[in-house]
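Q: Need coordinates for the below:
(one chain, ligands or ions: 1)
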Amino acid sequence: MHLKTIKQLRNLSGKTVLVRVDFNVPIKRKKVLDNTRLLASLPTIKYLTEKKAKVILITHVGRPAGKVVASLKVNPIVEELSGLLKKKIKKLETGSWPSSAKATADKMRLKLLKDVEGLKPGQVAMMENIRFSSDEKNNTGTLSQELANLVDYFVLDGFAVAHRDSASVTGVAEYVPAYAGLLLESEIKGLSKVTTKPKKPFVVVIGGIKTETKIPVIKNLLPKTDNVLVSGGIFNTYLKAKGYKVGASLVDKNYEKEVLKYCKSRKVILPTDVIVGTMDGKHFRPVKLLKKPHQVCKKNEAILDMGPETIHLFAKYIKKAQTLVWNGAMGYFEQKPYDIGTLSIARLVASRSKGKAFGVIGGGETLQSMDLVGMSEHVDLISTGGGAMLEFLSGKELPGIKAVTKK
Ligand code: 3PG
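A: Coordinates of the predicted model:
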């Protein structure tokens, strides 16, 4: 893969650069709750402004489906980013342009042109949530061309959105020279280290509940790994498929066959005990899993964490790894005492990373739990992408990456 990166761009002074970031962050009462994704794109923004480019940032927030939704406006992001960059960011109002009524769209277009022309070298501006426009998702070419007409270059920095074939991700790249930002470049480099030449032993830890996104990862990485440690919803599905009685546990009935197929591999290590209980965490108990299917939960109980014996078992593999990838919670970690499995894995992965193993983590819950144990700084690569990281690890070609790769 030969990426075109912003480091190859000469003479950026006075050039207008559209940077597609992924600032799809949680916002509550007009405040950004987690600024990790903003911090991750700072190096690209600073690089471009130091070279005196005029920088226009563009992002989506949530899934407003082509409508203006007040709570999903980018204003809190503009404010937070201004603080981080220590400079004022100009907000560019676009509403649902260009998919709004013609007169409104024309007015917006003129205003936008004037605002962009007025930008000074080194200045940063930010457009409104691009998903307010239905052209973003449809990617018919209208929005891409309008965006391209405003700028000299396009930069994709948001790895987390690289799996979306949208106007502001892949569309613009068809009309204006496109490059990868520093964040996109570093995430691709880190993840490629894992998928192409992982140092052995290579151990993957997989949890979470979205079985359909995890199975392709197991399938693609199984031949390259030494072991895959599985817990969470995929494991519940496995138990159910084997005939264990799992009560109210979360299972994915559509994937029972595939889960059985991949979990049969000698390389896949499964829990030997679980914690079952009620969702409120008031009643819970450990259950050892026997080889022969049996009743694990009563009707009102669910499997909500892996047990202590399993933590000990998984630790043995993690402590020997030279390459480590972790995605997905081991249980219902939002509710005590079911956080023990997930937080233990977080501590183990972080302790083994940086120096001993090349450690990579990704996904919302995974990052959140690493944050809870306060050990994020010890991990080699914290991927900002959840879905994008899983697709990359599944061996799929991400359309955003393709758009900034030399043909
Ligand atoms: C994410 O948060 O994973 C990305 O921003 C992609 O968001 P989407 O799934 O709404 O496209």
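Q: element containing whichever residue of the stretch 201-350 of the chain sits closest to the ligand, please.
A: Nearest to the ligand, among the residues of the stretch 201-350 of the chain, is T213, at 10.8 Å (Cβ to the nearest ligand atom). In short, each C-beta sits where N, CA and C put it, glycine included. Element membership for T213, per DSSP states H and E: helix 211-221.
Q: what comes up buried for that helix?
A: Neighbour-count burial for helix 211-221 flags T211, T213, K214, I215, P216, V217, I218, N220, L221 (criterion: 16 or more other Cβ atoms under 10 Å).
Q: picking that back up, please name the spatially closest residue to the residue of the stretch 201-350 of the chain closest to the ligand (chain neighbours excluded).
A: Nearest non-adjacent residue to T213, counting by Cβ to Cβ, 6 or more residues apart in numbering: L390, 4.8 Å away.
Q: check contacts around whatever residue of the stretch 101-250 of the chain ends up closest to the ligand.
A: Among the residues of the stretch 101-250 of the chain, A160 lies nearest to the ligand; the distance is 4.4 Å by Cβ to the nearest ligand atom. Each residue near A160 by Cβ atoms under 8 Å, 6 or more residues apart in numbering is listed here: D22, N24, R37, T384, G385, G386, G387, A388.
Q: Please report phi then psi for the residue of the chain found nearest the ligand.
A: Closest approach of the chain to the ligand (Cβ to the nearest ligand atom) occurs at N24, with a separation of 3.4 Å. Dihedral pair for N24: phi -80, psi 80, per degrees, to the nearest 10.
Q: same thing with V203?
A: phi -120, psi 130.
Q: and it, what are its bridge partners?
A: For V203, the beta-bridge partners are N227, L324 (DSSP bridges).
Q: how deep is it tucked in, by neighbour count?
A: 28 (other Cβ atoms under 10 Å).
Q: for the ligand, what are the nearby residues on the stretch 301-407 of the chain?
A: Proximity of the stretch 301-407 of the chain to the ligand (Cβ under 6 Å from any ligand atom) is limited to residues G386, G387.
Q: for the stretch 1-150 of the chain, what spans make up the helices?
A: 36-50, 75-85, 102-117, 134-138, 142-150 (DSSP state H, counting those that start in this stretch).
Q: Centre of the chain to the first one, how far?
A: Taking Cα atoms, centre = their mean, to the nearest Å, the mean C-alpha location of helix 36-50 is offset from the chain mean by 17 Å.
Q: can you check the longest one too?
A: Centroid displacement of helix 102-117 relative to its chain, using Cα atoms, centre = their mean, is 33 Å.
Q: okay, how far is it across stretch 149-169, tip to tip?
A: This stretch, stretch 149-169, spans 15 Å end to end (Cα to Cα, to the nearest Å).
Q: Would you mark the buried spots in it?
A: Buried residues in stretch 149-169, counted by 16+ other Cβ under 10 Å: 150-164, 166-169.
Q: How about stretch 322-332?
A: Neighbour-count burial for stretch 322-332 flags T323, L324, V325, W326, N327, G328, A329, M330, G331, Y332 (criterion: 16+ other Cβ under 10 Å).
Q: where does K15 fall, phi/psi-wise?
A: For K15, the backbone dihedrals (degrees, to the nearest 10) come out as phi -80, psi 150.
Q: Was I right to think it contacts K54?
A: Yes - the criterion here is Cβ atoms under 8 Å, and K15 meets it with K54 at 7.0 Å.
Q: Between these two, point out the one with more neighbours.
A: Counting neighbours by other Cβ under 10 Å for K15 and for K54 shows that K54 has the greater number, 25 against 17.
Q: That one and P121 touch, don't they?
A: Yes - K54 lies in contact with P121 (Cβ under 8 Å); the separation is 6.1 Å.
Q: how about F154, phi and psi?
A: Backbone torsions for F154, taken as degrees, to the nearest 10, come to phi -120, psi 140.
Q: from here on, count from 31
A: Done: numbering now begins at 31, and the last item shifts to F184.
Q: per-residue confidence at it?
A: As predicted, F184 sits at a pLDDT of 98.
Q: if we can go back for a sec, how much space separates the residue of the stretch 131-280 of the chain closest to the ligand from V51?
A: Separation of A190 from V51 (Cβ to Cβ, to the nearest Å): 9 Å.
Q: and for the two, which residues touch both?
A: With Cβ under 8 Å, 6+ apart as the test, A190 and V51 both reach R67.
Q: Let me know which of the helices of the stretch 31-180 of the chain is the nearest to C327.
A: Closest approach to C327 among the helices of the stretch 31-180 of the chain is made by helix 66-80 (35.5 Å; Cβ to Cβ).
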